[in-house]
Structures are given as C-alpha cells and as structure tokens.
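Participant: Here is a sequence together with a model predicted from it:
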Amino acid sequence: MKLIKQLETHRNHTVAKTVTYKNVTFPKGFGYFLEALTVERLIPVDRKRILVEGRHVWVDGIGDGFISLQTTKHPMVQPHFAGDVTVAGNKDHLAQFDQLLRLYEAQYEGATMPEDVELKHQYHDTLNPALWDDNELKPAVKEKLEKAAEAFVTSLKIDDLAVEDVILTGSNANYNWTNASDVDLHVVVDYDRVEARHGDLVAEYFNAKKGVFNTLHKVMIRGHEVEFYVQDSKEPHKSSGVYSLTNGKWNVEPEQKKPSVDDIAVRTKASEMMNAIDEVTKECNQAVVVEQLMEKLKKMRLAGLEEAGEFSVENLVFKQLRHSGYLEKLSTCKTRAFDRELSVEDEEWSHLC
C-alpha cells in the first residue's frame, strides 16, 4: 500500500501544471472562495496557511490529489487585496479553479470582464445602403455577386451540379448589419442528388472547397467581404432575411422591428467564452480540447437560433466572438495543436539522439 501511495503521489506531481493570476481581487471575500474550494474538494478541510519566503501557502496538496495554492499577500487581512494567486494541479482541477474564480467574481489582469466587452450588434431603420436601394438590391451589386457565385461554383469542379438557388442572407440581408458584416452568399444544392452520383463525402468535400476558396480569395462588395457557402436545400436555415439572386426577389423579406436584446446577458456570456478561449489557447497542445470548445460554441449557437432566432443571446455571443477575432484564434490554435501532436519537438528529439 505504501508503494502504491508513493506511485500515486509521484503521478500527481508529474501531471500537475501551474497557473498564476496577476493582481487578483475578491469582491465577495477570499474566505468564501476558500470555502468553495473546500466544498469542491480542491483543498482539504484541515488546510493551514504557512508563510514561505514571503509567500502565503494556503495548501500544498498536489501529492494527495488536491491543488497547491499560494498568494503574494494575505487576502483576509488586506480587503483590497491585489496580489498574485498561483495555483497548481491537474488540468481538471485548474478548470474547476478558474470556474470558481468567475463564479465568485474575482477580477485579475488578463481576464475579460463583462464590462470590457464592446458590443458589436446594431440595428438600423434601413437595409445597408451600400448594397440596397430601399429593399431592392443595387444592380451593380447584384451583377458582381452573380459573377462571384459563378466563380465559386466553377471552383467546386462538379460538372453536373444542379444549383437550385443562390441566396444572400445574414446581417447584410437584414436590419442588423454593421460595417464589419460579411456578405453571406449561399449556393443552394440538393445534397442527396449529388451524393447519389458522387458518394457520401459530399458535405466534407463542399466544406473543404468552401474553406479553400474563402482562404485564397477576398471578394469585397462595397467594403464588405463575401463569405461563400454551399447549403443543402433541405438544411433548416433560420434567417429572417433571405434574398434570391437567382430569382431577383426575396424568399424571406426581413421585417423592420427592433428586437429586445439582453445586453447584460450577452456581455456576461461573451466574457465567459472569451476567457475560456484565452485559457485553451495558452499552449495549443491538445487539439481535442480545442475541438470540444468549438463544438460547445456551435451547439450553443444552434440552440439559441432554434429557441429565439437571430437575436438570441447565444447567437449574438457567437457573432461577438467572431467579430472580436476569438473564433479565428481558436481555429488557429486547433491547427497548431494538431501540428504539434504530429511533430517531434526539440526536447523530445534530444532524448532520441
């Protein structure tokens, strides 16, 4: 049993990682935060604070399956504590610790607080005047979008592709456009027909071709970048504005009715997701963790669209993350993590020599 205990203690130390939060304050009190750590079994009940080389060590329990917790100041003696907090433990413990920091409204350098989130969503009395004359698409814009769609379809390299429609959707087909809004151009096809002729990898193929085309080409329409997409004709498309380039008319005409938006909820959720992305992208060494967060964001957005539409908190948060560069940051991190997992780093290579 003693040997097993020693092996477990060694394993706990081996997998432990350390994170330092700078200039932390605890508006609800550090004592309540410690109790929460105890309830969540991150620190033992019989914790004892000791002073080691000017640092307050609240617990050093990594070997016993807990966390290690140190502060540069005494938070309970100094109510306006603004010292550093260093925590060490396995990745699950660190994730729990980070969640509790947010739950107890701890503030620290590097964290995005709700009040720091600059809301991007807007609502206007008219459609984007750069693209529309009242509710009619400007002829020059329509002509360029048709040519762009034709070039995109050609790039798909499927000779017998039966395009059912080419639609303009998203913010630039509605009253919630901004100067940073993309022009969402969707080529609508029947996936079943294509799969019957070319196999069942059609969705992956279209997604890959779309990614390559959007990466290689930057088509701009009056200051707005065109985003190309192949849409299955049977795919539920939850948008209150859909304009058919093929037919020159609205499939779904948007209604000018200012929505009620919970800005506080959007800021709170957006800051939570921004901090989660910042944490995941610190090292970019686990592609599966990044993929899990990306999938969580995708499901969050879809749930919001299904329940409350385009102006749901979840969809607005997703757009906030996209406009702020956080989705691109996550995607870049996923690629880096994948590459690292297939590579031999210098340190690893030295052991093989």
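Facilitator: Okay, I see it.

Participant: Run through the strands of the chain in chain order.
Facilitator: Remark: strands assigned in the chain by DSSP state E are 17-25, 50-52, 55-60, 68-71, 83-89, 107-109, 132-133, 136-137, 163-169, 183-189, 220-221, 224-232, 242-244, 249-252.

Participant: Around residue 294, how many other residues sit close by?
Facilitator: 17 (other C-beta atoms under 10 Å). All C-beta atoms are positioned from the backbone trio N, CA, C, and that covers glycine.

Participant: on that earlier part again, dump the strands of the chain to JSON lines, plus mean neighbour count.
Facilitator: Listed next are the strands of the chain as JSON lines, based on neighbours: other C-beta atoms under 10 Å:
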{"stretch": "strand 17-25", "mean neighbour count": "15"}
{"stretch": "strand 50-52", "mean neighbour count": "9"}
{"stretch": "strand 55-60", "mean neighbour count": "19"}
{"stretch": "strand 68-71", "mean neighbour count": "21"}
{"stretch": "strand 83-89", "mean neighbour count": "20"}
{"stretch": "strand 107-109", "mean neighbour count": "14"}
{"stretch": "strand 132-133", "mean neighbour count": "14"}
{"stretch": "strand 136-137", "mean neighbour count": "16"}
{"stretch": "strand 163-169", "mean neighbour count": "20"}
{"stretch": "strand 183-189", "mean neighbour count": "23"}
{"stretch": "strand 220-221", "mean neighbour count": "16"}
{"stretch": "strand 224-232", "mean neighbour count": "19"}
{"stretch": "strand 242-244", "mean neighbour count": "21"}
{"stretch": "strand 249-252", "mean neighbour count": "16"}
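
Participant: Quick check: residue 215 vs residue 279, distance?
Facilitator: Noted for residue 215: a distance of 27 Å to residue 279, by C-beta to C-beta, to the nearest Å.

Participant: what's the answer for residue 141, then?
Facilitator: Distance of residue 141 to residue 279, given as C-beta to C-beta: 42 Å.

Participant: which one of these two has more residues nearby?
Facilitator: residue 141 (20 against 17).

Participant: Give me the pLDDT value at the more buried one.
Facilitator: pLDDT, residue 141: 97.

Participant: Next, the closest residue to it other than its chain neighbours: phi, psi?
Facilitator: Nearest residue to residue 141, sequence neighbours excluded (C-beta to C-beta, 6 or more residues apart in numbering): residue 131, at 5.1 Å. According to degrees, to the nearest 10, the main-chain angles of residue 131 amount to phi -110, psi -30.
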